[in-house]
Every structure is written in C-alpha cells, then in structure tokens.
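Q: What follows is a predicted structure for the sequence shown.
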Amino acid sequence: MSYLNRYANKAGFYLVIVSFGLILSDIFFYNAYYLDFEEFYYLDRLANIIAISFLLAFGSTQKITGSEANIS
C-alpha cells in the first residue's frame with residue numbers, strides 16, 4: 001500500500017493487486033488443504049493466476065532504459 005500511496009500510477013495498483021492475490025491464494029489453499037474443502041483449490045489457482053498475470057503487467061510497466069539505469 002505504501003508503494004501505491006507514494007507512486008499513484010498503474011504500476012502501484014498492479015503491485016497491490018499482486019500482493020492481495022497472493023495472500024488470497026494462500027488463504028484459499030489453507031481452506032482447501034487443511035479444512036478439506038475441495039472447491040477452494042479452484043479459487044486458489046484462480047487467485048494465483050490473476051496475481052501472476054498482474055505481476056507480469058507490473059514488470060512490463062517498469063522497463064528501465066539505458067539512460068535511466070545510471071550504470072557506471
């Protein structure tokens with residue numbers, strides 16, 4: 001959330017969605033495995049796929065060119 005508050009742009013929003021998606025994926029996996037609810041395996045995979053797709057979108061928005069990299 002701090003990243004989104006500091007840099008209010010698409011990349012910040014994508015990072016927040018990635019964080020929430022991975023947290024939800026872990027919660028759904030816990031419900032599926034330990035509480036024996038088979039339906040939550042589907043939600044676990046769905047949240048994981050959505051989080052990874054937003055992670056790829058975040059990575060594509062963070063391209064650094066050679067002039068911005070400050071490589072000595």
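A: Alright, I've got the coordinates.
Q: Just the pLDDT for residue 60.
A: Confidence at residue 60, expressed as pLDDT, is 87.
Q: Assign a three-state SS to it, would you?
A: When the structure is reduced to helix, strand and coil (DSSP: H, G, I helix; E, B strand; the rest coil), residue 60 reads as helix.
Q: number of nearby residues for it?
A: Taking other CB atoms under 10 Å as the criterion, the count of residues near residue 60 is 10. Using the backbone N, CA and C atoms, a C-beta is placed for each residue, glycine as well.
Q: what's the spacing between it and residue 33?
A: Going from residue 60 to residue 33 by CB to CB, to the nearest Å gives 33 Å.
Q: tell me the contacts of residue 18?
A: Neighbouring residues of residue 18 by CB atoms under 8 Å, 6 or more residues apart in numbering: 51, 54, 55, 58.
Q: List the buried residues for whichever strand or helix holds it?
A: When elements are assigned from DSSP states H and E, residue 18 belongs to helix 10-33. Of all the residues in helix 10-33, those buried under the rule 16 or more other CB atoms under 10 Å are 11-19, 21-22, 24-25, 28-29, 31-32.
Q: With stretch 44-54 instead?
A: Neighbour-count burial for stretch 44-54, with 16+ other CB under 10 Å as criterion, is recorded at 44, 47, 48, 50, 51, 54.
Q: which residue sits closest to residue 16, ignoring its sequence neighbours?
A: For residue 16, ignoring the flanking residues on the chain, the nearest one in space by CB to CB, 6 or more residues apart in numbering is residue 4 at 5.1 Å.
Q: about what we covered before: take the buried residues of stretch 44-54 and keep only those in strands.
A: By the criterion of DSSP state E, membership of those in strands covers no residue at all.
Q: Helices - which of these land there?
A: For the buried residues of stretch 44-54, membership in helices holds for 44, 47, 48, 50, 51, 54, with DSSP state H as the criterion.
Q: got any ranges where the protein has weak pLDDT?
A: Per-residue confidence for the chain (pLDDT under 70) gives these ranges: 1-3, 7, 62-72.
Q: what do you get if the cut-off is 80, keeping everything else the same?
A: With pLDDT under 80 as the threshold, the chain has low-confidence stretches at 1-8, 62-72.
Q: Perfect, that will be all.
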